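Chemist: build me a model:
(2 chains)
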Number of protein chains: 2
Amino acid sequence: MDTWMRLMANDGSIVFGRVENGYLHEYEGLDQPVPTGAVLSLRALTPLAPCAPGKVVALWNNFHALARKLEKPVPDHPLFLIKPAESVIGSGETILRPAHYAGKIVFEGELGIVIGKRCRNASLEEAQAAIFGYTVVNDVTAAGLLAENPHFPQWCRAKGFDTFCCLGPAIVSGFDWRDASVVTLLDGVERQNYPLDDMVFTPAQQVSLISQDLTLEAGDVIACGTSLGVGSIGEGATVEVTIEGIGTLANTLHSPVAARQTQSEDARVV
Amino acid sequence: MDTWMRLMANDGSIVFGRVENGYLHEYEGLDQPVPTGAVLSLRALTPLAPCAPGKVVALWNNFHALARKLEKPVPDHPLFLIKPAESVIGSGETILRPAHYAGKIVFEGELGIVIGKRCRNASLEEAQAAIFGYTVVNDVTAAGLLAENPHFPQWCRAKGFDTFCCLGPAIVSGFDWRDASVVTLLDGVERQNYPLDDMVFTPAQQVSLISQDLTLEAGDVIACGTSLGVGSIGEGATVEVTIEGIGTLANTLHSPVAARQTQSEDARVV
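Modeler: Numbering: from 1, shown residues only, chains lettered A, B, ... in the order given. Model prediction:
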């Protein structure tokens, strides 16, 4: 298992690499795992989302326990929507309430698959080999918009707002998701705690099946869907999603005005 | 009005610029409309999709005539899904039938808005100023997948397949969409002919409203939705979508095997 992070240096440049004992061993990139030779102290760097996906493919109804609770059959094929690149933020960044939306905003703690190389019509084995590693996702949703229009469920809009795809803090390669759980705390109180081996489609199945539809690129993320315990995030509340072995992804929700007021505070948290 | 194209040179490099009398006057890019000074003969260049969007935002139910036919009220806010970057092809390229899908594939001739600069929370005036120009779109859909799962309409999957977003042949800046129509021919027979002034949300309204939700980047495309006359594309059939003043976008549908057989033929069409 190796832990990979993406961070910003003081001069605004972005570095990516393997983390060991408080140091970043810089690599060319996700799709070029070649060390540059540079070794940087993490203390001088600001963490970012651990990759910069061109798109995030987010699954719905991919856990048996949630399917039972929703009284829906498990699907025959991954059911997904696309969250745009601009929705991605890293751990410690602020989830921004959309200016013209006063409704419920919910968290969904999830496992994220990070693609390591271009992947199209991949067999299960090719799909497995195309997985660079795993990260933690909070797939945020403006729940009140999903069914706002009775003729068109607005999955992309409700989940596609800027800052609505929290990723991080790191990517772990060689991670065994089968023994892991997703634990979500809301202001320190446990709200989700579900085992990843309850997934309907395994990560390799997801990558293989989705790659029959659309090309996955290096750095793209598949959010594996959530299970029981999804809930609403109040103004100023902090969601912490932990997958042991990967880390804790922490993000606080603010309205745009409050976010501006607490900007200096957030900077310290980052 | 200026006409802009993106093309590939023999060495594989990509050039973008203004077209005049059979020559391309090269520019730095969409978001940097600065001429490089190079002037290239179009005859030595292969046309590509006229921009490389990070995402395509595709509208549903944005024409009064179609809303009446579907017996749906016109929406209060643009209803959209996201088509990924990898779905984009240019005029003359082949629409590929997904390998594991034998159902109906339909064309939708549309106006495309090309964003010229990053756009977030834009007023109507800012939105208007952020529009670089307009192109022609064929928003292809695997119609049989939309309602395949009764619990989750698969808009992103049905419209997100590789090659399912045809764009081109050019972008025209300063184009007046109000007097224009979209005309779609299937194997030479007219199937759509609808006026753009029947749109529910004008291009500037679309850009302004969508930019309240998610950041639009330079090169991103908004497909304005279609109107009456959508239909099925048979194997080997060619769809030509024309907006007078912009040009004709022509694409042929093939199954993957047939596409490989006709590859040399397609190359000549391009």
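Chemist: low-confidence ranges in chain A?
Modeler: A:260-270 (pLDDT under 70).
Chemist: residues from it in reach of chain B?
Modeler: Residues of chain A lying close to chain B (C-beta under 8 Å from any C-beta of the partner chain) are A:54-55, A:60-61, A:72-73, A:75-77, A:79-87, A:98-100, A:120-121, A:149, A:151-157, A:160-162, A:212-215, A:217. The way it works is simple: take the backbone N, C-alpha and C, and place the C-beta from them, glycine included.
Chemist: same thing but 6 Å
Modeler: Residues of chain A lying near chain B by C-beta under 6 Å from any C-beta of the partner chain: A:54-55, A:60, A:72, A:75, A:79, A:81-82, A:84-86, A:100, A:149, A:151-152, A:156-157, A:160-162, A:212-215.
Chemist: so which of those sit within helices?
Modeler: When DSSP state H is applied, the residues of chain A next to chain B are split such that A:156-157, A:160, A:212-213 fall in helices.
Chemist: with respect to residue B:110, which of those residues is nearest?
Modeler: Proximity of these to residue B:110 (C-beta to C-beta) peaks at residue A:156, which lies at 17.2 Å.
Chemist: okay, now that closest one: neighbour count?
Modeler: By other C-beta atoms under 10 Å in any protein chain shown, the residues close to residue A:156 number 25.
Chemist: that one contacts residue A:80, correct?
Modeler: No - when contacts are counted by C-beta atoms under 6 Å, residue A:156 is not listed as touching residue A:80 (10.6 Å).
Chemist: doesn't residue A:109 make contact with residue A:182?
Modeler: Yes - assessed by C-beta under 6 Å, residue A:182 is found in contact with residue A:109 at 4.7 Å.
Chemist: hey, where'd the helices end up in the stretch 1-150 of chain A?
Modeler: A:64-70, A:124-130, A:143-146 (DSSP state H, counting those that start in this stretch).
Chemist: rewinding a little: and the residues of chain A next to chain B, which of them are buried?
Modeler: The neighbour count (16 or more other C-beta atoms under 10 Å in any protein chain shown) marks A:54-55, A:60, A:72, A:75, A:79, A:81-82, A:84-86, A:149, A:152, A:156-157, A:160-162, A:212-215 as buried among those.
Chemist: kindly provide the distance from the residue nearest to residue A:103 when sequence neighbours are not counted to residue A:158.
Modeler: Using C-beta to C-beta, 6 or more residues apart in numbering or on different chains and skipping the chain neighbours, the partner closest in space to residue A:103 is residue A:144 (2.8 Å). Going from residue A:144 to residue A:158 by C-beta to C-beta, to the nearest Å gives 8 Å.
Chemist: of those two, which one has the most company?
Modeler: residue A:158 (25 against 15).
Chemist: how about the nearest residue to residue A:23, chain neighbours excluded?
Modeler: Looking at residue A:23 with C-beta to C-beta, 6+ apart, the closest residue is residue A:39, at 5.3 Å.
Chemist: my read: residue A:211 touches residue A:119, true?
Modeler: Yes - using C-beta under 6 Å, residue A:211 makes contact with residue A:119 at a distance of 4.6 Å.
Chemist: returning to what we had before: the residue nearest to residue A:23 - how many residues pack around it?
Modeler: 12.
Chemist: swap in residue A:36?
Modeler: By the criterion of other C-beta under 10 Å, residue A:36 has 14 neighbours.
Chemist: what sits closest to it if chain neighbours are left out?
Modeler: residue A:26 (4.5 Å).
Chemist: go on, residue A:178?
Modeler: Nearest to residue A:178 is residue A:197, by C-beta to C-beta, 6+ apart, at 5.2 Å.
Chemist: shouldn't that neighbour be within a strand?
Modeler: No - secondary structure of residue A:197 (DSSP: H, G, I helix; E, B strand; the rest coil): helix, not part of a strand.
Chemist: roughly how far does it sit from chain B?
Modeler: According to C-beta to the nearest C-beta, to the nearest Å, residue A:197 and chain B sit 23 Å apart.
Chemist: quick check: the closest residue to residue A:18 other than its chain neighbours vs residue B:130, distance?
Modeler: Using C-beta to C-beta, 6+ apart and skipping residues adjacent in sequence, the residue nearest residue A:18 is residue A:25, 4.7 Å away. With distances taken as C-beta to C-beta, residue A:25 is found 41 Å from residue B:130.
Chemist: neighbour-wise, which of those two wins?
Modeler: residue B:130 (21 against 16).
Chemist: my read: that one touches residue B:120, true?
Modeler: No - Residue B:130 is beyond contact range of residue B:120, at 9.7 Å (criterion: C-beta under 6 Å).
Chemist: just the C-alphas of stretch A:196-214, formatted as PDB.
Modeler: Presented in PDB, the C-alpha positions along stretch A:196-214 are these (Å, rounded to 0.1, in the frame of the first residue of the first chain):
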ATOM      1  CA  LEU A 196     -17.800  -2.100   1.500                       C
ATOM      2  CA  ASP A 197     -18.200  -5.800   0.800                       C
ATOM      3  CA  ASP A 198     -22.000  -5.100   0.600                       C
ATOM      4  CA  MET A 199     -21.400  -3.400  -2.800                       C
ATOM      5  CA  VAL A 200     -23.500  -4.700  -5.700                       C
ATOM      6  CA  PHE A 201     -20.800  -4.100  -8.400                       C
ATOM      7  CA  THR A 202     -17.200  -4.400  -7.300                       C
ATOM      8  CA  PRO A 203     -14.800  -1.700  -8.300                       C
ATOM      9  CA  ALA A 204     -13.400  -3.800 -11.100                       C
ATOM     10  CA  GLN A 205     -16.900  -4.600 -12.300                       C
ATOM     11  CA  GLN A 206     -17.800  -0.900 -12.200                       C
ATOM     12  CA  VAL A 207     -14.700   0.100 -14.200                       C
ATOM     13  CA  SER A 208     -15.200  -2.700 -16.800                       C
ATOM     14  CA  LEU A 209     -18.900  -2.100 -17.300                       C
ATOM     15  CA  ILE A 210     -18.700   1.700 -17.400                       C
ATOM     16  CA  SER A 211     -15.800   1.600 -19.800                       C
ATOM     17  CA  GLN A 212     -18.100  -0.200 -22.300                       C
ATOM     18  CA  ASP A 213     -20.100   3.000 -22.300                       C
ATOM     19  CA  LEU A 214     -17.600   5.800 -22.100                       C
END
